[in-house]
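**Q** from the sequence below, what's the structure:
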Amino acid sequence: MLRTLAGRRFPGPAPDVVLLHSAPGPDEFLFRAELAGPAARLPWLSVHARYTRTAGRLVPEHMSVLCPDWSDRETWACGPDGLLDALERHWAATGADERLRVERFRPVPVPSADADATPGGRVRFERSGIEADASASVPLLEAGETAGLPMPYGCRRGSASTASSRWSTAASATCGPANCTVNRAS
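**A** The predicted structure is shown next:
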């Protein structure tokens, strides 16, 4: 999203974007170097890093300090379930829940209508042609690694959607570094 915005010329006022990133330390801040350039040259982009080893975990109560007008902004959040659950509660408590969109790190299994069915399915990794069986509780990243494929590292931290998807029973998934789709088997 930021790459798209960074390359645009805005006919009117530019957006006001605040990126809050939480990582154990500077070395684990994915895309830190890539974000430094746009953050330095784009007056409408503010990047704030919170390093958990020194400052503790990012929690919703930090929003009023890090981004005072957070409840008036459209918000996109991704991260571990505990953080996202807390953000959803916080946004809902202030009536701003319609402005919050979340992306979770792990696939969410869709319960089967057939109680005897085992969730999951056959996964086909598009570029390699390799196929593997995978349980719905196993992230596609792990299924690919188990099948012997080198998977994009950014996925491991949940920074990209290349290895996450919703599963349903009797489903097949087609995955590649730029996409991942799950299709119901006919």
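**Q** where do the helices of this structure begin and end?
**A** Secondary structure of the chain, counting by DSSP state H: helices at 2-6, 32-41, 52-55, 63-66, 81-93, 140-146, 153-156.
**Q** single out the most deeply packed of these.
**A** helix 140-146 (a mean of 19; mean count of other Cβ atoms under 10 Å). Backbone N, C-alpha and C define where each C-beta goes, glycine included.
**Q** which secondary structure elements does that helix sit against?
**A** On a contact count with 3 or more Cβ pairs under 8 Å, 6 or more residues apart in numbering; DSSP states H and E, helix 140-146 meets strand 120-125, strand 131-135, strand 171-176.
**Q** mean pLDDT lowest for which of those?
**A** Note on these: strand 171-176 shows the lowest mean pLDDT, a mean of 38.
**Q** JSON lines please, covering the helices of the chain and showing distance to Arg127.
**A** Listed next are these as JSON lines, based on distance: least, Cβ to Cβ, whole Å:
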{"stretch": "helix 2-6", "distance to Arg127": "22"}
{"stretch": "helix 32-41", "distance to Arg127": "23"}
{"stretch": "helix 52-55", "distance to Arg127": "34"}
{"stretch": "helix 63-66", "distance to Arg127": "39"}
{"stretch": "helix 81-93", "distance to Arg127": "30"}
{"stretch": "helix 140-146", "distance to Arg127": "11"}
{"stretch": "helix 153-156", "distance to Arg127": "15"}
